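J.: Give me coordinates for this.
(2 chains)
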Amino acid sequence: MSPPEAKLVCRNIWKLFGQGAHEFLEKTGGNPTLEQISTEGLVSAARNVSLSVNEGEIFVIMGLSGSGKSTLVRCLSRLVEPTAGEILFHGENLLAADEKRMIEIRRHKMGMVFQHFALLPHMTVLANVAFPLEVQGVDRATREDRARKMISLVGLTGREDSYPRQLSGGQQQRVGIARSLAVEPELWFLDEPFSALDPLIRREMQDEFIRLQSVLRKTIVFITHDFDEAIRLADRIAIMKDGEIVQAGTPEDIVLNPATEYVEEFTRAVPRAKVVRAGSVMTRDDGDAPEAAVSARATIAEAAPLFLQGAERLRVTGESGETIGVLRRDDVIELMMRG
Amino acid sequence: MADVAATRSGSVTTTTAWRGLVVFVLALAAFILFWKFGEDIAPWAFEYPKKQIIPAARWISDFTKWLLNDATFGLFTFTDLTRFIAAVIDFPYKVALSLLASGLMSGPGSSAVQLLPPISWIAVTAIVTLMGLYAGGRRLALIVALCFLFIAVFGQWTSAMVTLASILVAVPLGVVGGLLLGIAAYRWRWLERALLPILDLMQTIPVFAYLVPILFLFGFGATAAVVATLIYAMPPMTRVTMLALRQVPSEVRDLGNMIGCTRRQMTWRVLVPTAKESLMVGVNQVIMLSLNMVIIASMIGAGGLGYDVLAALRRLDFGAGLEAGLAIVALAIALDRLSQAFANRNAATDETQARGFMARHPYLLAALGFVVLTGVAGLFVPAIQAYPEALQVSTGTFWSRVVEWINVNFFDTLEAIKNTLLIQLLVPFKRFLLSLPWAGVVALLAFAGFLLRGPKLALLVAALAALIAATGQWEKAMITVYLCGISVMFAGLIGIPVGILSAERDRLWRWVKLAIDTLQTLPSFVYLMPAVMLFRVGDFTAMIAVVAYAVAPAIRYTVLGINRVDPRLVEAGKAMGCTEWQLLTRIKLKLALPEIMLGVNQTIMFALSMLVITALVGTRDLGQEVYIALTKADPGRGLVAGLAVAFIAIIADRLISAGAARARARLGIAEEPS
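T.: Sure thing, here's the model as predicted:
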């Protein structure tokens, strides 16, 4: 399998707030410790962050408040200017782009959803969704046509002429999602999009998001403080603490092999069966493959009901349906008993 | 752990507070010793040496003369610039005036012929009523219609329309100018830094003070009045704009960047529309301040209602003055309610999507219809064009009689009250202040500044106070301080208890709020009338007017402070079994203290601004100095005295704000983000 193409790569990103951050970073050889930073009177938001986001994947950056995740995502789109580092988008260094080029890239290649929706209060839903296109100078008929499509995509048809204040929180965020998709961005940033919503609505919006992504296949950087949300949505997760990425990997990786005690704290309450995939628990095919099959990408929780029909073993299939292993009932039970 | 640390830091602040008090008492003792026995040792500290006086007034006058006669920017002279500004303002003013008051005139001066009459009184009333209906519904329409009918019935129509014409010109210019300046200051930090102290000064310097240079630069007349109004009404709009833009959520700004807005799109498509609600508050302020100023600017030729009040005040014709004053009130109420309704409307209702010009603009068409119809009908029936004189009501004589009756029957009582207060309180306080050595006062103020915040504040306070002395205005400044101090004391004695009472009682507060809201929409001129009627001219009258004007913020901030006290703390107090009295004195008032201090601060600001206007009723303070400069068209003298008032205001403001901040810190209440 060829490695997936990296869409967005960032290397050694630093963001320090305060006077003389640049000079300080140079003076300390580009790698100061936390103590050095605080004695200098600076505040660190991102420390030596390197990550790469692949084409078509959901990359979740998870961290508690103050961990620097919101600043990091703003660095990636240069809403916040990083103090040092390199950001490559399609191989183009964003930090070297001038203001005009940045406007160009943001207008056509990036979309962003905000925690508190950031809808313009004086515009209708339709005008809000069409606004990014209006800013580009797209003519009225085209942009409203596109906006209507986006509104129907997020299931808000019929509310085009409402104003944001007349909508519920969930509906407002749907408008925010529709707006961010209106320019058909290649790179989609979501900054805690569901954190301001009630738990039930949040769940519903996560399902909606999964549905959208199955249709759209965007490259996504998703910020959250909710570990369960990260597990549910992510292809890969990066966990941030004090501006640093403490661990990055697939949800399964992180749950099974937490790198630090800090990460382990989060994973403790996560049911393994919901994270671990059949491909990780299967044993080698011993030639005597059963009828019932399950995809290697399915989680154990998804595979478990199949054993209810009395099967002792399940065939595990790869991407194109070929048999790559066998999932045994005892292994599944053992994993589920572990929690 | 945390608790221990908190108690320890608490006890530390208490001990430093005690030490501060001891030091302050020592300083006070030193001051009193110096005051009692210092005159022989250092006479210069008691009376500022005449030879050392900085002739700032003469410098400013010379500078203005140079500006007018010699200043040039290369391509054009300064006079060209003022003429240009005058022309820009003059044209729209003439248009507004012809529409509302004079009609379209042709030909020079008094031989002018009226080509077209002004918009009829019925049409104007109909237009504002329709605006009320459009913006706020039937109730508002009724209020506005009644206000304008009132003006017509009492025969104040033409004057009111002259005033309205000035406002119609000044408000759009003030709003647009303030908005642009605010946006510019938001974008460039250096401009903001340069602008803030100027805005501070503009809000504290008494209005009379800049009437003089304007009079000098623009001559006597309506144009000069509009310029003065602009200068007066623009700073708050600038401030509101800066604040409103900064309050736009950072996410909305991120959104603008994220979708690739250019700077212009960011400003006009994202920031300004998002901040619209707050900006409308600024528009309302511009309207009310313009009205206030247009009235005051009648002294430099604004004409209209202000002139009527001023003329009546000079003739001591209370009836006429009161009627013009009430017409101002009616106009103020109508404009205030209308602009507020327009501000709220934008936030609340949706634009209808109806098609066709007729369907989309029913109000506009109805208004135009009224103008044309009554205009044509007015050519045949004069009563439609101008409110018939026969139907006018004048209560002027009635009010004069009432005042006469009061004076005949209660003269002795009123006079006794006045004299007692004057002799027992006002005069001794004035003597006391005048006997203080200026150098000692400067030192004491600086010391207070040092204790409250630090050397920077001490330096500022001392420098400003010393400048007042150095320009030879110490004595007049002390009279200002005395009148202001007495008035603020009375305003506080009335306002704070009223505030405490109404904070606890919703029904009472509703009425009190209505009363002070209405009082605050009144132009400051109006306050003088009843006071003069009952007590004639003098310090006492000035004090009454100032107290009436300045009591509103004292009430408002007290209520605000008490209502902001965390209800959980009150609940905790109740749970401990506090009596109502204990709740009030031990919890609510203690925690509301910083807020109340800010209220006192505002009261001082209001008092100072009113004090200058009371120069009309014969005080002898800095305000009088400004007023005299105005009548003599001496810009230097006026500005120097005006600046001295501003300095007093700034000293009081900085010291009290520092005190409030300290009180907040001691109570552990976070500083509000400003």
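J.: burial of A:Ser52, as a residue count?
T.: A:Ser52 has 16 neighbours, counted by other CB atoms under 10 Å in any protein chain shown. Any C-beta I mention is one placed from the backbone N, CA and C, and that applies to glycine too.
J.: Sticking with the residue nearest to B:Leu331 when sequence neighbours are not counted, tell me its helix or strand.
T.: Excluding the flanking residues, the one nearest B:Leu331 by CB to CB, 6 or more residues apart in numbering or on different chains is B:Ala160, at 5.8 Å. Using DSSP states H and E, B:Ala160 sits in helix B:157-187.
J.: Whichever residue of the stretch 1-150 of chain A sits closest to chain B - nearest residue in space that isn't next to it in sequence?
T.: Distances between the stretch 1-150 of chain A and chain B by CB to the nearest CB are smallest at A:Arg107, namely 3.3 Å. Once flanking residues are discounted, A:Arg107 sits nearest to B:Gly260: 3.3 Å by CB to CB, 6+ apart.
J.: quick one: secondary structure of that neighbour?
T.: What DSSP: H, G, I helix; E, B strand; the rest coil gives for B:Gly260 is coil.
J.: same check, this time on A:Gln247
T.: On the three-state scheme (three-state DSSP), A:Gln247 is labelled strand.
J.: and what of A:Gln19?
T.: Classified using three-state DSSP, A:Gln19 is coil.
J.: Spit out the contact partners of it.
T.: Contact analysis of A:Gln19 by CB atoms under 8 Å, 6 or more residues apart in numbering or on different chains lists A:Gly41.
J.: re the thing from before, what residues sit buried inside the host helix or strand of the residue of the stretch 1-150 of chain A closest to chain B?
T.: Using DSSP H and E, A:Arg107 maps to helix A:99-109. In terms of neighbour count (16 or more other CB atoms under 10 Å in any protein chain shown), helix A:99-109 has its buried residues at A:Met102, A:Ile103, A:Ile105, A:Arg106, A:Arg107, A:Lys109.
J.: for stretch B:59-70, same thing?
T.: For stretch B:59-70, burial by neighbour count (16+ other CB under 10 Å) applies to B:Ile60, B:Ser61, B:Thr64, B:Leu67.
J.: Now pLDDT, distance to chain A and secondary structure too, for the residues you listed, in JSON lines please.
T.: Below are the buried residues of stretch B:59-70 laid out as JSON lines (pLDDT from 0 to 100; distance: CB to the nearest CB, whole Å; DSSP: H, G, I helix; E, B strand; the rest coil):
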{"residue": "B:Ile60", "pLDDT": "81", "distance to chain A": "40", "secondary structure": "helix"}
{"residue": "B:Ser61", "pLDDT": "81", "distance to chain A": "46", "secondary structure": "helix"}
{"residue": "B:Thr64", "pLDDT": "79", "distance to chain A": "43", "secondary structure": "helix"}
{"residue": "B:Leu67", "pLDDT": "78", "distance to chain A": "42", "secondary structure": "helix"}
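J.: by contact count, what packs against the helix holding B:Ala160?
T.: The contact analysis (3 or more CB pairs under 8 Å, 6 or more residues apart in numbering or on different chains; DSSP states H and E) places helix B:157-187 against helix B:78-97, helix B:189-204, helix B:222-246, helix B:276-296, helix B:304-315, helix B:318-348.
J.: Make CSV out of those and add mean neighbour count and mean pLDDT.
T.: Listed next are the helices and strands packed on helix B:157-187 as CSV, based on neighbours: other CB atoms under 10 Å in any protein chain shown; pLDDT from 0 to 100:
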stretch, mean neighbour count, mean pLDDT
helix B:78-97, 16, 84
helix B:189-204, 14, 85
helix B:222-246, 24, 89
helix B:276-296, 23, 85
helix B:304-315, 22, 83
helix B:318-348, 21, 80
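J.: possible to save those helices as JSON lines with distance to A:Ala301?
T.: Formatted as JSON lines, the helices and strands packed on helix B:157-187 follow (distance: least, CB to CB, whole Å):
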{"stretch": "helix B:78-97", "distance to A:Ala301": "74"}
{"stretch": "helix B:189-204", "distance to A:Ala301": "55"}
{"stretch": "helix B:222-246", "distance to A:Ala301": "49"}
{"stretch": "helix B:276-296", "distance to A:Ala301": "49"}
{"stretch": "helix B:304-315", "distance to A:Ala301": "80"}
{"stretch": "helix B:318-348", "distance to A:Ala301": "48"}
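J.: Sketch out the low-pLDDT regions of the stretch 101-250 of chain A for me.
T.: Within the stretch 101-250 of chain A, no stretch has pLDDT under 70.
J.: where exactly do the strands run in it?
T.: A:110-113, A:187-191, A:219-224, A:236-241, A:244-249 (DSSP state E, counting those that start in this stretch).
J.: what does the fourth one rub up against?
T.: By CB under 8 Å, 6+ apart, the residues outside strand A:236-241 that reach it are A:49, A:51, A:57-64, A:67-69, A:72, A:230-231, A:245-251, A:254, A:262-263, A:266.
J.: got the CA positions of that strand in PDB?
T.: Listed next in PDB are the C-alpha coordinates belonging to strand A:236-241 (Å, rounded to 0.1, in the frame of the first residue of the first chain):
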ATOM      1  CA  ARG A 236      -6.100  10.100  13.400                       C
ATOM      2  CA  ILE A 237      -5.800  12.100  16.600                       C
ATOM      3  CA  ALA A 238      -3.100  14.400  17.900                       C
ATOM      4  CA  ILE A 239      -3.300  15.000  21.700                       C
ATOM      5  CA  MET A 240      -2.100  18.400  22.800                       C
ATOM      6  CA  LYS A 241      -0.900  19.500  26.200                       C
END
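J.: what angle sits between it and strand A:219-224?
T.: Counting by axes from the mean of the first three to the mean of the last three CA atoms, to 10 degrees, strand A:236-241 lies at 40 degrees to strand A:219-224.
J.: Next: the last one.
T.: Following the same axes, to 10 degrees, one obtains 120 degrees for the angle between strand A:244-249 and strand A:219-224.
J.: Once you drop chain neighbours, what's closest to A:Glu160?
T.: Counting by CB to CB, 6+ apart, A:Leu126 is the residue found nearest to A:Glu160 once chain neighbours are left out, at 4.1 Å.
J.: check contacts around that neighbour.
T.: A:Glu144, A:Ala147, A:Arg148, A:Ile151, A:Glu160, A:Asp161 are the contacts of A:Leu126 under CB under 8 Å, 6+ apart.
J.: Need the residues you listed in a markdown table (columns: distance to A:Gln309).
T.: As requested, the contacts of A:Leu126 are exported to a markdown table (distance: CB to CB, whole Å):
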| residue | distance to A:Gln309 |
| --- | --- |
| A:Glu144 | 52 |
| A:Ala147 | 48 |
| A:Arg148 | 46 |
| A:Ile151 | 44 |
| A:Glu160 | 48 |
| A:Asp161 | 52 |
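J.: Make JSON lines from those and add distance to B:Gly136 and neighbour count to it.
T.: Listed next are the contacts of A:Leu126 as JSON lines, based on distance: CB to CB, whole Å; neighbours: other CB atoms under 10 Å in any protein chain shown:
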{"residue": "A:Glu144", "distance to B:Gly136": "32", "neighbour count": "18"}
{"residue": "A:Ala147", "distance to B:Gly136": "33", "neighbour count": "25"}
{"residue": "A:Arg148", "distance to B:Gly136": "35", "neighbour count": "16"}
{"residue": "A:Ile151", "distance to B:Gly136": "33", "neighbour count": "24"}
{"residue": "A:Glu160", "distance to B:Gly136": "28", "neighbour count": "19"}
{"residue": "A:Asp161", "distance to B:Gly136": "24", "neighbour count": "13"}
